[in-house]
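Asker: When you get a sec, could you give me coordinates for this:
(one chain, ligands or ions: 1)
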Amino acid sequence: MAPAPPVIRVRDLSKHYPGHVAVQNVSFELALGETLVLLGPSGCGKTTLLKMLNRLIEPTSGTVEINGVVVGRQQPEVLRRGIGYVIQQVGLLPHYTVAENVGVVPRLLGHAPTAIAERTNALLTRLHLPPKRFAHQYPHQLSGGQQQRVGLARALAADPPIMLLDEPFGALDPVTRAGIRRKFRELEELRTKTMVLVTHDVTEAFELADRIALLNGGQIQQLGTPHELLFRPANDFVRDFFAAERLALQLHTLRLRELLPFLPPALYRLH
Ligand SMILES: Nc1ncnc2c1ncn2[C@@H]1O[C@H](COP(=O)(O)OP(=O)(O)OP(=O)(O)O)[C@@H](O)[C@H]1O
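Answerer: Numbers count the residues shown, from 1 in each chain. A predicted model of the protein is given here:
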């Protein structure tokens, strides 16, 4: 039997605007359950690349395949129902309650109302938004962090195997952001999902990524694990990009085994 194709396969993908190349010849593959972080400075093409995965932007050339099927041959609406999408601006419908917002996609998919209600309550509970208090509130009654969690619940409602996240914690202050990110990492729900997440926050990338694609000028400068980018940078851009935060990141990335020689002998012997 032939091996299963990668969940996402991007080949030679480019997007040209008049007088400007936003994304140039990008290729990568993602396996089931992997999280790829698209990282890079403002304007490097992260959002454009992400939006080409679910056809919110059509590429100038190249292909995107999801589970071996070229997305350009699928109806965009059908494609998007199978891919959760979370954006910084959250985009909740203001005249819908929290529960109605979360249920949008399952309703489109024709799920039974009782099943939708159960799923909505379970998700809100898991995202620390007790349904009794929040289900019937409207977006304007919620804080920024609560709105972002509703946005996440909405993306997860139909249990899509793939999630695209564009600065999902972007609207939050650093402290709230770190807290929500921790909750996000602990979500059982996300463990099996294949995810592509855009951020310009280096710490966030190191916390959440299995692999990072560091972009500049629309091109991938290096694609690898956080450890590889930090310790084996492919070029000066990669090295310089992490320079300011190198020490903190190195501590974050080092495995305990690598730190053992530097620990006091008493502690060392425990291992
Ligand atoms: N519709 C468009 N027409 C022309 N140029 C565009 C268009 N959309 C994006 N661009 C340009 O393409 C480049 C990549 O934009 P993109 O939004 O993908 O960057 P980004 O890395 O997500 O940036 P940020 O972190 O600031 O959101 C930018 O230089 C931007 O100005």
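
Asker: Tell me the residues of the chain that contact the ligand?
Answerer: Within reach of the ligand by Cβ under 6 Å from any ligand atom, the chain has these residues: 17, 20, 22, 40, 42, 43, 44, 45, 46, 47, 48, 200. Backbone N, C-alpha and C define where each C-beta goes, glycine included.

Asker: Can I get those in TSV including pLDDT and distance to residue 130?
Answerer: Below are the residues of the chain next to the ligand laid out as TSV (pLDDT from 0 to 100; distance: Cβ to Cβ, whole Å):
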residue	pLDDT	distance to residue 130
17	95	45
20	93	47
22	96	42
40	93	38
42	88	37
43	91	40
44	94	40
45	95	40
46	95	34
47	95	33
48	96	38
200	86	33
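
Asker: which of those are buried?
Answerer: 22, 40, 44, 45, 46, 47, 48 (16 or more other Cβ atoms under 10 Å).

Asker: What residues does the residue in the stretch 51-200 of the chain positioned nearest to the ligand make contact with?
Answerer: The ligand sits closest to residue 200 of the stretch 51-200 of the chain, with a gap of 5.0 Å, by Cβ to the nearest ligand atom. Applying Cβ atoms under 8 Å, 6 or more residues apart in numbering, we find residue 200 in contact with 39, 40, 41, 42, 46, 167.

Asker: Any stretches of the stretch 151-271 of the chain with poor pLDDT?
Answerer: By pLDDT under 70, the low-scoring segments of the stretch 151-271 of the chain are 171, 246-271.

Asker: Would you point out the most distant pair within the contacts of residue 200?
Answerer: 41 and 167 (13.6 Å; Cβ to Cβ).

Asker: neighbour count winner among those two?
Answerer: Between residue 41 and residue 167, residue 167 has the larger neighbour count (other Cβ atoms under 10 Å), namely 19 against 13.

Asker: so who does the residue lying closest to that one once chain neighbours are set aside touch?
Answerer: Setting aside the residues directly before and after it, residue 167 is nearest to residue 88 in space (Cβ to Cβ, 6 or more residues apart in numbering), at 4.0 Å. Contact analysis of residue 88 by Cβ under 8 Å, 6+ apart lists 166, 167, 168, 170, 171.

Asker: Tell me how far residue 88 lies from residue 96.
Answerer: The spacing between residue 88 and residue 96, counted by Cβ to Cβ, to the nearest Å, is 20 Å.

Asker: what does residue 236 give?
Answerer: Taking Cβ to Cβ, one finds residue 236 at 49 Å from residue 96.

Asker: Please determine how far the residue of the stretch 51-200 of the chain closest to the ligand is located from residue 26.
Answerer: Counting by Cβ to Cβ, the gap from residue 200 to residue 26 is 17 Å.

Asker: how about the strands of this structure, start to end?
Answerer: 8-17, 20-30, 35-39, 61-66, 69-70, 83-87, 162-166, 194-199, 211-216, 219-224 (DSSP state E).

Asker: can you tell me which residues contact the closest residue to residue 68 other than its chain neighbours?
Answerer: The shortest distance from residue 68 to any non-neighbouring residue, by Cβ to Cβ, 6+ apart, is to residue 5 (3.6 Å). Taking Cβ under 8 Å, 6+ apart, we find residue 5 in contact with 65, 67, 68.
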